[in-house]
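1. Mind folding the following:
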Amino acid sequence: YYSPTLMPLLCCRMTKMTFVYGFCEDSILGLASLSHALVHYSGDIHLASRISRVTDFLISRNENEHSLRAKLLLCTTSIRAVVEPLRCIVEHSLRGYNSAKIVGDAANEAVGGLFYCVGSFYSIPDLIELQRQMVIFIRQLAKRKQIGILHSAMSFFDTVTRFIGNRDSCGIDARIVMMTNKELYHIAEDTENSYLMHHTLLNQICMHCYFREFSDVAVLAEIYREQSGLKNGTKRLLDIMFVFFEGISALCLARKTKKEELSKIGEKAVKFMQQLTEYNSWNFENKLCLLQAELHHLNQCNTMAKQSYEAAIESSNKHKYFHEEALACELYGVYLIENKMVSEGKDQLRLAIDKYRKWGATRKADDVVKLISLV
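-> Numbers count the residues shown, from 1 in each chain. Next up is the predicted model:
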């Protein structure tokens with residue numbers, strides 16, 4: 001999966017052999033891998049989506065359905081995240097997890113559990129319940145000594161608990177040595193584990209973006225691009241969230257620093273999200289509107305900025321991304337305050353506080369309370 005040249009060639013070879021010799025289980029593997037490769041290496045979403053539908057049909061009709069569903073979970077998840085609502089990824093990951101459990105595939109059971117946790121973090125508006133489920137999952141990984149997935153799970157768990165603010169009372173077994181994202185990053189660095197490094201960097205970028213520590217995002221973004229392979233053309237599914245967080249942070253930072261390179265990063269993020277919105281407005285419309293709002297804010301196009309902020313809030317609510325609705329309310333509040341509309345700005349910040357608390361992000365809500373007190 002990390003060779004942009006070899007992967008598509010192998011997939012095409014397997015598909016061509018299918019036309020010559022007929023379908024078998026390996027044909028399904030080839031089609032699933034081809035769909036995955038098209039998403040990551042060529043960006044042909046429409047073709048990838050069609051092939052993915054054929055793959056899903058063949059898996060459901062195969063006598064070894066559970067084995068294939070578990071084995072191909074990574075490949076079949078990639079295209080779904082682009083063309084279907086993120087909540088479908090949660091359900092798909094759960095099916096893969098259960099299939100792996102049925103056939104005794106412990107490795108893919110762990111992968112399915114991790115995908116379920118990651119998908120839930122970005123789509124399900126209940127951090128408290130997610131934290132409870134992650135505690136169970138981490139105990140299971142620790143018991144089985146599945147260290148690689150355990151470390152990635154810890155990375156997302158650290159992010160969830162930092163939003164909630166209850167790390168010392170989250171119910172993790174004292175015998176399990178929990179680590180922060182910074183500690184996990186050093187492990188990834190020492191072991192040259194690019195998978196874990198990708199997760200730790202993204203989670204730190206997420207936290208710094210939400211807590212308005214935009215300079216820290218800029219520093220980590222450079223490391224992310226180098227370590228994740230983005231500079232070399234390698235793409236990962238979670239790069240979508242990286243582009244969103246980096247874009248928001250770069251545009252906010254550009255207002256203070258007046259650096260042109262930061263505004264260009266934001267403009268690229270807008271274009272990237274526009275492309276994704278063409279395939280799936282459910283997942284990406286609200287993110288696009290918020291990036292556009294920040295870009296208009298930077299360029300002092302106040303009428304367009306106001307409309308885009310309101311569109312981002314409306315779209316987030318409509319598509320049930322309530323945590324991103326909270327972020328949009330917060331950034332809209334900052335915009336209004338910076339443009340001398342203090343009363344309206346505080347109202348938006350109070351809305352953000354309410355929505356963060358409903359999400360379960362108590363610590364983040366308290367952060368916005370402090371912001372209001374400084375106005």
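2. For Leu230, report the pLDDT, please.
-> Leu230 carries a pLDDT value of 60.
3. Hmm, I typed the wrong one, I wanted Ser93.
-> 94.
4. which other helices and strands contact the strand or helix carrying it?
-> Ser93 belongs to helix 86-103 when assigned by DSSP states H and E. Where contact means 3 or more Cβ pairs under 8 Å, 6 or more residues apart in numbering; DSSP states H and E, helix 86-103 is packed against helix 65-71, helix 73-83, helix 106-123. C-beta: built from backbone N, CA, C; applies to glycine.
5. Flag whichever of those helices has the least confidence on average.
-> It's helix 73-83: among the helices and strands packed on helix 86-103, that one has the lowest mean pLDDT, namely a mean of 87.
6. Ile187: neighbour count?
-> Ile187 is flanked by 16 other residues according to other Cβ atoms under 10 Å.
7. Then Gly104?
-> 10.
8. just Asn193 next, same as before
-> Counted with other Cβ under 10 Å, the neighbours of Asn193 add up to 17.
9. ditto for Lys143
-> Neighbour tally, Lys143, other Cβ under 10 Å: 11.
10. Which elements pack onto the one helix or strand in the chain whose mean pLDDT sits lowest?
-> Here the helix or strand of the chain ranked lowest by mean pLDDT, DSSP states H and E is helix 6-21, holding a mean of 80. When contacts are defined as 3+ Cβ pairs under 8 Å, 6+ apart, helix 6-21 packs onto helix 25-37.
11. Show me which residues of the helix it packs on are buried.
-> Residues of helix 25-37 classed as buried: 27-37 (neighbour count, 16 or more other Cβ atoms under 10 Å).
12. and the helix or strand where Lys370 lies, C-alpha only, in CSV?
-> Assigned by DSSP H and E, Lys370 belongs to helix 362-374. What follows is helix 362-374, C-alpha atoms only, in CSV (Å, rounded to 0.1, in the frame of the first residue of the first chain):
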residue,chain,number,x,y,z
THR,A,362,-16.2,19.7,28.7
ARG,A,363,-12.6,21.0,28.7
LYS,A,364,-13.0,22.6,25.3
ALA,A,365,-16.3,24.2,26.4
ASP,A,366,-14.4,25.7,29.4
ASP,A,367,-11.8,27.0,27.0
VAL,A,368,-14.5,29.0,25.2
VAL,A,369,-15.8,30.2,28.5
LYS,A,370,-12.3,31.7,29.2
LEU,A,371,-12.3,33.3,25.7
ILE,A,372,-15.6,35.1,26.5
SER,A,373,-14.2,36.4,29.8
LEU,A,374,-11.3,38.0,27.9
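13. okay, the buried residues of helix 25-37 in CSV with pLDDT and distance to Phe115 next?
-> Formatted as CSV, the buried residues of helix 25-37 follow (pLDDT from 0 to 100; distance: Cβ to Cβ, whole Å):
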residue, pLDDT, distance to Phe115
Ser27, 87, 24
Ile28, 89, 20
Leu29, 87, 19
Gly30, 87, 22
Leu31, 89, 20
Ala32, 89, 15
Ser33, 86, 17
Leu34, 86, 20
Ser35, 88, 16
His36, 85, 14
Ala37, 82, 19
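14. what number of residues lie near Lys370?
-> So Lys370, with other Cβ under 10 Å, has 8 neighbours.
15. In terms of pLDDT, where does it sit?
-> 96.
16. give me the low-pLDDT residue ranges for the protein?
-> 1-5, 167-171, 229-235 (pLDDT under 70).
17. how about the helix holding Lys370: buried residues?
-> Buried, per 16+ other Cβ under 10 Å, within helix 362-374: 362-365, 367-368, 371.
18. helices or strands next to that helix in the packing?
-> For helix 362-374, the helices and strands in contact under the criterion 3+ Cβ pairs under 8 Å, 6+ apart are helix 147-164, helix 322-338, helix 342-359.
19. got a list of contacts for it?
-> The contact list for helix 362-374 (Cβ atoms under 8 Å, 6 or more residues apart in numbering) reads 162-166, 210-211, 326, 330, 334, 346, 349-350, 352-353, 356-357.
20. Just the buried subset of these, please.
-> The neighbour count (16+ other Cβ under 10 Å) marks 162-166, 210-211, 326, 330, 334, 346, 349, 352-353, 356 as buried among those.
21. which of those lies closest to Pro8?
-> Nearest to Pro8 among these is Tyr210, at 36.2 Å by Cβ to Cβ.
22. I'd like to know how far the nearest residue to the closest one once chain neighbours are set aside sits from Asp44.
-> Leaving aside its sequence neighbours, Tyr210 sits nearest to Lys364 (Cβ to Cβ, 6 or more residues apart in numbering; 6.1 Å). Going from Lys364 to Asp44 by Cβ to Cβ, to the nearest Å gives 38 Å.
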